[in-house]
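Colleague: sequence isn't available, so here's the structure alone:
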């Protein structure tokens, strides 16, 4: 039996220039069924585009909060 894990990264607290690498590395390390919640001050849609191209059908994307001040996105590794 496996246990799904979850983590949250608040991008607003990361040093400038490190956000994308931190998110991509964390997402690549997720086990199937694990969840990363991303919190940001703008829509992280470009990250979704990257994941769709580089890791098709491996992540499910759900908006938990959709602006205008805070975006919160639940990203689950599905495969």
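Modeller: Noted; the coordinates are in hand. Every value quoted in this text rests on a predicted model; they were computed, and no experiment measured them.

Colleague: for the protein, which segments are assigned as helices?
Modeller: Assigned by DSSP state H, the helices in the chain fall at 19-29, 45-54.

Colleague: can you redo those helices as CSV with mean pLDDT and distance to residue 11?
Modeller: (C-beta placed from N, C-alpha, C; glycine too.) Converted to CSV, the helices of the chain look like this (pLDDT from 0 to 100; distance: least, Cβ to Cβ, whole Å):
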stretch, mean pLDDT, distance to residue 11
helix 19-29, 94, 5
helix 45-54, 94, 9
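
Colleague: now the ones you listed in JSON lines, with mean neighbour count?
Modeller: Formatted as JSON lines, the helices of the chain follow (neighbours: other Cβ atoms under 10 Å):
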{"stretch": "helix 19-29", "mean neighbour count": "14"}
{"stretch": "helix 45-54", "mean neighbour count": "13"}
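
Colleague: of all those, which lies closest to residue 37?
Modeller: Closest approach to residue 37 among the helices of the chain (Cβ to Cβ): helix 19-29, 10.9 Å.

Colleague: tell me what the closest one is packed against?
Modeller: strand 6-10, strand 35-40, helix 45-54 (3 or more Cβ pairs under 8 Å, 6 or more residues apart in numbering; DSSP states H and E).

Colleague: okay, the ones you listed in JSON lines with distance to residue 60 next?
Modeller: Shown next, in JSON lines, are the helices and strands packed on helix 19-29 (distance: least, Cβ to Cβ, whole Å):
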{"stretch": "strand 6-10", "distance to residue 60": "13"}
{"stretch": "strand 35-40", "distance to residue 60": "9"}
{"stretch": "helix 45-54", "distance to residue 60": "10"}
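
Colleague: determine which of these approaches residue 74 most closely.
Modeller: strand 35-40 (5.3 Å).

Colleague: which among the helices and strands packed on helix 19-29 is found nearest to residue 69?
Modeller: So among the helices and strands packed on helix 19-29, strand 35-40 is nearest, using Cβ to Cβ, at 10.4 Å.

Colleague: what's the mean pLDDT across that closest one?
Modeller: In this model, strand 35-40 has an average pLDDT of 97.

Colleague: before I go, just wanted to say thanks for your time.
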